[in-house]
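A.B. asks: mind folding the following:
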Amino acid sequence: MSTVLMVLQFIVSVGLIIAVLIQTTKSEGLSGTIGGSRETIFKGKKGAEELVEKITSFLAIAFLIFSLLTALFA
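C.D. replies: Coordinates of the predicted model:
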């Protein structure tokens, strides 16, 4: 049982890393003040950003649950 939980936790953690890297940044920082706001041209649709945020939230909750279960069964 412990091995299955660890494998599931690994899969969820990889998915969580990918989901966080896919998200767009909320502020442009220094690059927006120097180079202008070219990033707004290439941004995707708002629905896609919301979907990625929901997936990230789901994966974060799943990671927390699998971490707790792994600690209980280990």
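A.B. asks: Met1 contacts Phe73, correct?
C.D. replies: Yes - in this structure, Met1 is within contact of Phe73 by Cβ atoms under 8 Å, at 5.5 Å. Using the backbone N, CA and C atoms, a C-beta is placed for each residue, glycine as well.
A.B. asks: buried sites along stretch 12-23?
C.D. replies: 12, 15-16, 19 (16 or more other Cβ atoms under 10 Å).
A.B. asks: so how far is the helix or strand where Val14 lies from its chain's centroid?
C.D. replies: Following DSSP states H and E, one finds Val14 within helix 2-22. The chain centroid and the centroid of helix 2-22 are separated by 11 Å under Cα atoms, centre = their mean, to the nearest Å.
A.B. asks: for the closest residue to Gly15 other than its chain neighbours, give me the pLDDT.
C.D. replies: Closest residue to Gly15 apart from its sequence neighbours, by Cβ to Cβ, 6 or more residues apart in numbering: Leu59 at 5.2 Å. On pLDDT, Leu59 comes in at 97.
A.B. asks: one step back: columns pLDDT on top of the buried residues of stretch 12-23, output as a markdown table?
C.D. replies: Shown next, in a markdown table, are the buried residues of stretch 12-23 (pLDDT from 0 to 100):
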| residue | pLDDT |
| --- | --- |
| Val12 | 97 |
| Gly15 | 96 |
| Leu16 | 96 |
| Ala19 | 93 |
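A.B. asks: of those residues, closest to Glu53?
C.D. replies: Comparing the buried residues of stretch 12-23 against Glu53 with Cβ to Cβ places Ala19 closest, at 8.8 Å.
A.B. asks: got the contact list for that closest one?
C.D. replies: 52, 55-56, 59 (Cβ atoms under 8 Å, 6 or more residues apart in numbering).
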